Every structure is written in structure tokens, then in C-alpha cells.
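Asker: Please work out how this folds:
(chains A and B)
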Amino acid sequence: NAGVMQNPRHLVRRRGQEARLRCSPMKGHSHVYWYRQLPEEGLKFMVYLQKENIIDESGMPKERFSAEFPKEGPSILRIQQVVRGDSAAYFCASSPGQGGTYEQYFGPGTRLTVT
Amino acid sequence: GENVEQHPSTLSVQEGDSAVIKCTYSDSASNYFPWYKQELGKRPQLIIDIRSNVGEKKDQRIAVTLNKTAKHFSLHITETQPEDSAVYFCAASKNSGYSTLTFGKGTMLLVSP
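Answerer: As a prediction, this is how the structure comes out:
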């Protein structure tokens, strides 16, 4: 059973470009969470999605950031017009759903560097 | 919203000693408390969790205790080994239909041989 997959693992973008980060949840998981980790800091919740629905985006900046989890394919976190402050590790996690279990399993992360 | 405080930020122990990391949370409705271990450049890995209906849970050398009245929970690692060296994060969430985790800022544990 493959774990949570993320790609790319490393992404370098110049200021003003767009960054697209992809996350494929564990098999059988229908819930995806995105977190951002700044250097030497904890993980900050950004957005929670189920298939074709954004459930909670309270941690995501209103501008330049968007997320989706289509019926087919991976979840995508999109950052438009990147700035240096967007440089961070972005982790996604997946869980099986609301069936009484809460465990979230993390992917390896995408390390975004904005030059 | 929920706020999770974690202490200490760094912890150095000798191999074989015990290590204790403590967290407090603010939302009395929180009922799920996982601990994650993150090695340098790697993903956070769930190592143990506890739900509010129990006060303690053990898994080999790792244990977690929960005091709901005081709103704090702790991670205990016994007989530490160099491979335990990593950053440990506590988190809290509540069952409000989904489980968004609020994380502490992490504890860097260094186990010296």
C-alpha cells in the first residue's frame, strides 16, 4: 500500500511565477490536508479538501493561493505570483475520512524555493 | 481557535536516559492528540496518539499521558537511543466533523551516545 505521494519534491521558482504542488493520498483515503512548514517552525494548517469539495480553507491566504481535489487525479495546491516569503516546505496529509478515525499520514513534502 | 504550546524547544539527553516533552492546549473540546516525529528533511511520522477517553497509552519505549482537566499531554521516551534524535511535534484536534490538526512548534531531541 503506497503512502502519500507528493511531487515535485523540490521546486525552484522565480518571483512572479506560478507554483503547482501535487498530492496523491493513500489508497482508500478521501480526505486531504495541506500544511506549510517554515524553517525551524511547526506545521501550519492551510486547507482541507474532500473529493471535489473544499471543506475548510481558513488557513490559506486569500490571495494567490488556491487548492483543488478533483474527482480524478491528485490534489493540487497552486500558488500564483510567488514571493520570497512563500519559500517553505509544503506537506500534504491524508486520512480515511470521518469513520471514527482521525489519523493523518503525511507525504514527503515539496520544498519550494523562490529566488 | 485552538492554541498548542510545546516545551522544551530543545532537549539533550544521554543514551539510555528518559526524555519528556510537554504540551498544553487551549480548546477544551479537543479530544485527539497525536505525536509526530520528523527527521531532518523527512516527512512527519505519526508515532503515537491518544484520545480523550483514556489517560495513558504505551507502545514499547514510548508513552503518552493526557490530563484533560489541566489541558496538557506529554510524550515520554524511555531508554533513549541515538536514532530517537529528531524533532517531535504534538498536535490537537476535535471531532467537529473533520480533524484539522493544530501543531505545537516542535522539540528538537538530541540523544548523545
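
Asker: okay, CA-based contacts and neighbour counts for the rest of this
Answerer: Noted.

Asker: Chain B against chain A: which residues are in contact?
Answerer: B:32, B:34, B:42-46, B:89, B:97-106 (Cα under 8 Å from any Cα of the partner chain).

Asker: Spit out the contact partners of residue 77.
Answerer: Just so you know, I chose chain A. A:20-22, A:34, A:65-68 (Cα atoms under 8 Å, 6 or more residues apart in numbering or on different chains).

Asker: um, chain B though
Answerer: Taking Cα under 8 Å, 6+ apart, one finds B:18-20, B:61-63 in contact with residue B:77.

Asker: Helix or strand next in line after the helix or strand residue A:77 falls within, which one?
Answerer: Assigned by DSSP states H and E, residue A:77 belongs to strand A:75-79. Later in the chain than strand A:75-79, the nearest helix or strand by DSSP H and E is strand A:88-95.

Asker: Who are the packing partners of that following strand?
Answerer: strand A:31-37, strand A:105-106, strand A:110-114 (3 or more Cα pairs under 8 Å, 6 or more residues apart in numbering or on different chains; DSSP states H and E).

Asker: right, and those strands - which one's nearest chain B?
Answerer: The closest of these to chain B is strand A:105-106. By Cα to the nearest Cα, the value is 6.2 Å.

Asker: In strands only, show me the residues of chain B next to chain A.
Answerer: B:32, B:34, B:45-46, B:89, B:102-103 (DSSP state E).

Asker: where does chain A come near chain B, residue by residue?
Answerer: Selection of chain A residues close to chain B by Cα under 8 Å from any Cα yields A:33, A:41-45, A:48, A:91, A:97-98, A:102-109.

Asker: Would you mind listing which of those residues are buried?
Answerer: Buried residues within the residues of chain A next to chain B, counting neighbours by 16 or more other Cα atoms under 10 Å in any protein chain shown: A:33, A:42-45, A:48, A:91, A:97, A:102-109.

Asker: ok, residues contacting stretch A:103-115?
Answerer: Against stretch A:103-115 from outside (Cα under 8 Å, 6+ apart): A:3-15, A:21, A:23, A:82-95, B:34, B:42-46.

Asker: what's the closest non-adjacent residue to the most centrally placed residue in chain A?
Answerer: Centroid check for chain A by Cα atoms, centre = their mean gives residue A:34 as the closest residue, at 3.5 Å. Computed as Cα to Cα, 6 or more residues apart in numbering or on different chains, the closest residue to residue A:34 that is not its neighbour in sequence is residue A:92, at 4.3 Å.

Asker: I'd say the one you found and residue A:37 touch.
Answerer: No: using Cα atoms under 8 Å as the test, residue A:92 is too far from residue A:37 to be in contact (10.8 Å).

Asker: Show me what residue B:86 is bridged to.
Answerer: Residue B:86 has these beta-bridge partners by DSSP bridges: residue B:109.

Asker: give the contact list for the nearest residue to residue A:53 once chain neighbours are set aside.
Answerer: Ranked by Cα to Cα, 6+ apart and with sequence neighbours excluded, the top spatial neighbour of residue A:53 is residue A:69, at 7.0 Å. Applying Cα under 8 Å, 6+ apart to residue A:69 gives the contacts A:49-54, A:75-76.

Asker: Confirm that residue B:83 lies within a helix, as I assumed.
Answerer: Yes: Residue B:83: assigned to a helix according to DSSP: H, G, I helix; E, B strand; the rest coil.
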